[in-house]
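In: Got a sequence here, can you model it:
(2 chains)
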Amino acid sequence: AQSVTQLGSHVSVSEGALVLLRCNYSSSVPPYLFWYVQYPNQGLQLLLKYTTGATLVKGINGFEAEFKKSETSFHLTKPSAHMSDAAEYFCAVSDPSNYQLIWGAGTKLIIKP
Amino acid sequence: ETGVTQSPTHLIKTRGQQVTLRCSSQSGHNTVSWYQQALGQGPQFIFQYYREEENGRGNFPPRFSGLQFPNYSSELNVNALELDDSALYLCASSRQGAIGEAFFGQGTRLTVV
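Out: Numbering: from 1, shown residues only, chains lettered A, B, ... in the order given. Below you'll find the model as predicted:
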């Protein structure tokens, strides 16, 4: 069975600082991995995804994530936080055979002025 | 804006009642997935419909049922509502095979009292 663990339900960083949101997964098959963002009272928006190929994946809004198979991790980073990045971020894994997404519990990113 | 619309946006029901939630998928998308997102948690996969057939189901009881119509829009029906059914219900549309590239609606907030 697949699972996703996001370390830290809340992460607080200062504007301009590095953003690091952690995601570890468990999967019996090579996984597809995703990061989504959810702004208040809105649906989920895809930030980036890893399926195959290059392990460093670039997404929208300056975010990127690196797939590390040996560490079963897919951490999300952004070099410099903006106030507009304040939102909840979800990591998800998909079994390539059935397209179902298994989600982490989410990390709320707080940006301090 | 994704083009996936859900209705209604908010709903209050009494325990034991039945509810129908609706989702219009994005143009060109033939697959609809439904998720339940309880407060403070990540989404939980309910089921997926592809070409009007159920194409995968999560760990939800049979009182959660769905339909997909020829225009690929979809309904989620929940019978015998329980207090724990209170949650944000998210619909996501995608093209079959477009792994993880699901576009989400804003959700329906269901409150069961």
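In: Tell me who's in contact with residue B:50.
Out: Residue B:50 sits next to B:30, B:31, B:68, B:96 when contact means CB atoms under 8 Å, 6 or more residues apart in numbering or on different chains. In short, each C-beta sits where N, CA and C put it, glycine included.
In: Just give me the neighbour total for the closest residue to the last one other than its chain neighbours.
Out: With CB to CB, 6 or more residues apart in numbering or on different chains as the criterion, residue B:96 has its nearest non-adjacent residue at 4.9 Å, and that residue is residue B:31. For residue B:31, the neighbour count with other CB atoms under 10 Å in any protein chain shown is 23.
In: hang on, residue B:31 packs against residue B:94?
Out: Yes. Using CB atoms under 8 Å as the test, residue B:31 is close enough to residue B:94 to be in contact (4.9 Å).
In: Which stretches in chain B count as strands?
Out: B:5-7, B:10-13, B:19-24, B:31-37, B:44-50, B:53-57, B:64-68, B:74-78, B:87-94, B:103-104, B:108-112 (DSSP state E).
In: The one residue sitting closest to the centre of chain A and chain B, how far apart?
Out: When CA atoms, centre = their mean is applied to chain A, the residue found nearest the centroid is residue A:35 (3.5 Å). Counting by CB to the nearest CB, to the nearest Å, the gap from residue A:35 to chain B is 10 Å.
In: Need the pLDDT of the closest residue to residue B:26 other than its chain neighbours.
Out: Residue nearest to residue B:26 in three dimensions, not counting chain neighbours: residue B:3, with 4.1 Å by CB to CB, 6+ apart. On pLDDT, residue B:3 comes in at 85.
In: so what's residue B:3 up against?
Out: Residue B:3 sits in contact with B:26, B:27, B:103, where contact means CB under 8 Å, 6+ apart.
In: which bits of chain A sit near chain B?
Out: Residues of chain A lying near chain B by CB under 8 Å from any CB of the partner chain: A:4, A:9, A:32, A:34, A:41-46, A:49, A:51, A:90, A:92, A:94, A:96, A:98-106.
In: Now the buried members of those.
Out: Among the residues of chain A next to chain B, those buried by neighbour count (16 or more other CB atoms under 10 Å in any protein chain shown) are A:4, A:32, A:34, A:43-46, A:49, A:90, A:92, A:94, A:99-104, A:106.
In: Show me the residues you listed that map onto strands.
Out: Among these, the residues falling in strands (DSSP E) are A:4, A:32, A:34, A:44-46, A:49, A:90, A:92, A:94, A:101-103.
In: so residue A:6 touches residue A:22, yeah?
Out: Yes. Using CB under 8 Å, residue A:6 is in contact with residue A:22, at 6.6 Å.
In: Least confident secondary structure element in chain A?
Out: strand A:101-103 (a mean of 88; mean pLDDT, DSSP states H and E).
In: That one pairs with which strands, parallel or anti?
Out: Paired neighbours of strand A:101-103 in the sheet (DSSP bridges): strand A:87-94 (antiparallel).
In: who's the residue nearest to residue B:96 bridged to?
Out: residue B:50, residue B:94.
In: dump the residue contacts of the residue positioned nearest the centre of chain B.
Out: What sits nearest the mean C-alpha location of chain B, by CA atoms, centre = their mean, is residue B:34, with 3.2 Å. By CB under 8 Å, 6+ apart, residue B:34 lies in contact with B:23, B:45, B:46, B:47, B:48, B:66, B:74, B:76, B:89, B:90, B:91, B:92.
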